[in-house]
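Q: Any chance you could fold what I've pasted below:
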Amino acid sequence: MNQPEFDQLSRREREVMYLVHEHGEVCAETVKNEIETPISYSGARRYLSILEEKGFLTMENRGNKYFYKPVANTTEVGLKFMKKIFGSFFAGSPTLGIATFMQKEGGKLDDQELASLEKLLQDVSSEDDQA
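A: Numbers count the residues shown, from 1 in each chain. Predicted coordinates:
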């Protein structure tokens with residue numbers, strides 16, 4: 001079975017999915033307390049159940065709580081979004097997208113994050129040279 005697409009979800013369903021991917025696992029209480037736009041506990045439960053029925057989440061019962069995890073790998077979902085964002089907002093250019101992000105947010109990265117980013121870029125460059 002193919003994974004359903006985020007594009008098929010309502011705004012609220014996407015908002016819940018972003019939260020699930022951010023945390024890796026949530027219960028209705030987490031959704032109620034942490035979602036950006038207010039939602040009741042029963043509303044959070046309803047959306048989690050809907051997303052499970054649609055194939056986006058798996059559910060596990062632990063005691064009197066239900067915990068939900070994403071079906072799709074969070075990194076893969078993130079990559080799909082990045083490709084779409086680069087295509088829609090940065091003329092298809094990852095370089096332009098990353099450069100813009102770094103100009104706006106780069107000052108918020110600590111030395112360890114910057115060193116890690118430099119190493120990743122060197123590794124990618126080395127892979128390109130070997131190809």
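Q: Name the next helix or strand downstream of the helix or strand Val20 falls within, please.
A: Element membership for Val20, per DSSP states H and E: helix 11-23. Once the chain leaves helix 11-23, the next helix or strand it forms, by DSSP H and E, is helix 28-34.
Q: mean confidence score for that next one?
A: Here helix 28-34 scores 97 as its mean pLDDT.
Q: Measure how far the helix holding Val20 is from the centre of its chain, please.
A: 8 Å (C-alpha atoms, centre = their mean, to the nearest Å).
Q: Please name the nearest non-neighbouring residue to Leu96.
A: Spatial nearest neighbour of Leu96, chain neighbours left out: Phe90 (4.3 Å); criterion: C-beta to C-beta, 6 or more residues apart in numbering. C-betas here are computed from N, CA, C, even on glycine.
Q: Just to check, that neighbour is in contact with Lys84?
A: No: taking contacts as C-beta atoms under 8 Å, Phe90 lies outside contact range of Lys84: 10.8 Å.
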